[in-house]
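Undergrad: predicted coordinates and the sequence they were generated for:
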Amino acid sequence: MQLSNDADVVQRSLQLLAAHRNELSAHFFGRLFGRHPQLQSYFVNSNHAWLERKFASALRSIMQAATSPQEFEKQLGSLRQTHQGRAVEVEYFALFGEVLLETLAYYGGRGWTPDVEAAWRSVLTTVVDAMELPYEEMTDSTALNRNDAAA
Ligand code: HEM
């Protein structure tokens, strides 16, 4: 894994994607709910503006994982709690990551090169793995508690 190099690449690519800032969230959630309707119930009662904020927060966390992994680590405990508290199922994180990648690719245009895709994939894999980890430890509930305390 080469997060610092990936960080430069994803940061530059996000700057190029900024031209589509207003479309990204609607496209992402349209694609996510179209493909995986079972995820919609987590976002019930949420309006367009709320979804945009949620999308921006998730993107910020992902960028932070790339650019400042230590800061990301500090927030992981509460991020995991937010999602576990809403009973998000473990396999949904990978679906979320995959649809995000497709959304970025859709708007990436000529700037979406194999290197850029590989850098995003690497960052997203890191984030998805980090979100999934406590679920894997859940067979031993003391391990989950230890993990939360350390985060
Ligand atoms: C890699 C994947 C994901 C990342 C990085 C991520 C990141 C975030 C972040 C940063 C927030 C804001 C937390 C806060 O304000 O305290 C959030 C909120 C939320 N996330 Fe995720 N998320 C991911 C996947 C998912 C999935 C798969 C679901 C459900 C299927 C989900 C459902 C939610 C909901 C419902 C909230 C709103 C919490 C609230 O403000 O009430 N997230 N997420």
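TA: Ah, there it is.
Undergrad: show me the shaky parts of the protein.
TA: Residue ranges of the chain with pLDDT under 70: 1-4, 139-151.
Undergrad: residue ranges of the helices in it, please?
TA: Read by DSSP state H, the chain holds these helices, from start to end of the chain: 3-17, 21-35, 48-67, 69-85, 91-108, 114-136, 141-150.
Undergrad: distance to Y42 for those - can I get that in JSON lines?
TA: All C-beta atoms are positioned from the backbone trio N, CA, C, and that covers glycine. Output for the helices of the chain, formatted as JSON lines (distance: least, C-beta to C-beta, whole Å):
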{"stretch": "helix 3-17", "distance to Y42": "25"}
{"stretch": "helix 21-35", "distance to Y42": "10"}
{"stretch": "helix 48-67", "distance to Y42": "10"}
{"stretch": "helix 69-85", "distance to Y42": "9"}
{"stretch": "helix 91-108", "distance to Y42": "8"}
{"stretch": "helix 114-136", "distance to Y42": "14"}
{"stretch": "helix 141-150", "distance to Y42": "21"}
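Undergrad: could you dump those helices to CSV with mean neighbour count and distance to S41?
TA: As requested, these are exported to CSV (neighbours: other C-beta atoms under 10 Å; distance: least, C-beta to C-beta, whole Å):
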stretch, mean neighbour count, distance to S41
helix 3-17, 16, 29
helix 21-35, 16, 10
helix 48-67, 16, 14
helix 69-85, 15, 14
helix 91-108, 18, 11
helix 114-136, 18, 19
helix 141-150, 12, 24
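Undergrad: make TSV out of the ones you listed and add distance to the ligand.
TA: Formatted as TSV, the helices of the chain follow (distance: least, C-beta to the nearest ligand atom, whole Å):
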stretch	distance to the ligand
helix 3-17	14
helix 21-35	8
helix 48-67	4
helix 69-85	5
helix 91-108	4
helix 114-136	5
helix 141-150	15
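Undergrad: can I get stretch 46-62 as PDB, trimmed to CA atoms?
TA: Output of stretch 46-62 as PDB, limited to C-alpha atoms (Å, rounded to 0.1, in the frame of the first residue of the first chain):
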ATOM      1  CA  SER A  46     -33.500  12.200   4.200                       C
ATOM      2  CA  ASN A  47     -33.900  15.000   1.700                       C
ATOM      3  CA  HIS A  48     -31.600  15.900  -1.100                       C
ATOM      4  CA  ALA A  49     -29.600  18.500   1.000                       C
ATOM      5  CA  TRP A  50     -29.100  16.000   3.800                       C
ATOM      6  CA  LEU A  51     -27.800  13.400   1.300                       C
ATOM      7  CA  GLU A  52     -25.400  15.900  -0.100                       C
ATOM      8  CA  ARG A  53     -24.000  16.600   3.300                       C
ATOM      9  CA  LYS A  54     -23.700  12.900   4.100                       C
ATOM     10  CA  PHE A  55     -21.900  12.300   0.800                       C
ATOM     11  CA  ALA A  56     -19.500  15.200   1.500                       C
ATOM     12  CA  SER A  57     -18.800  13.900   5.000                       C
ATOM     13  CA  ALA A  58     -18.000  10.400   3.700                       C
ATOM     14  CA  LEU A  59     -15.800  11.900   0.900                       C
ATOM     15  CA  ARG A  60     -14.000  14.000   3.500                       C
ATOM     16  CA  SER A  61     -13.300  11.000   5.700                       C
ATOM     17  CA  ILE A  62     -12.000   9.000   2.700                       C
END
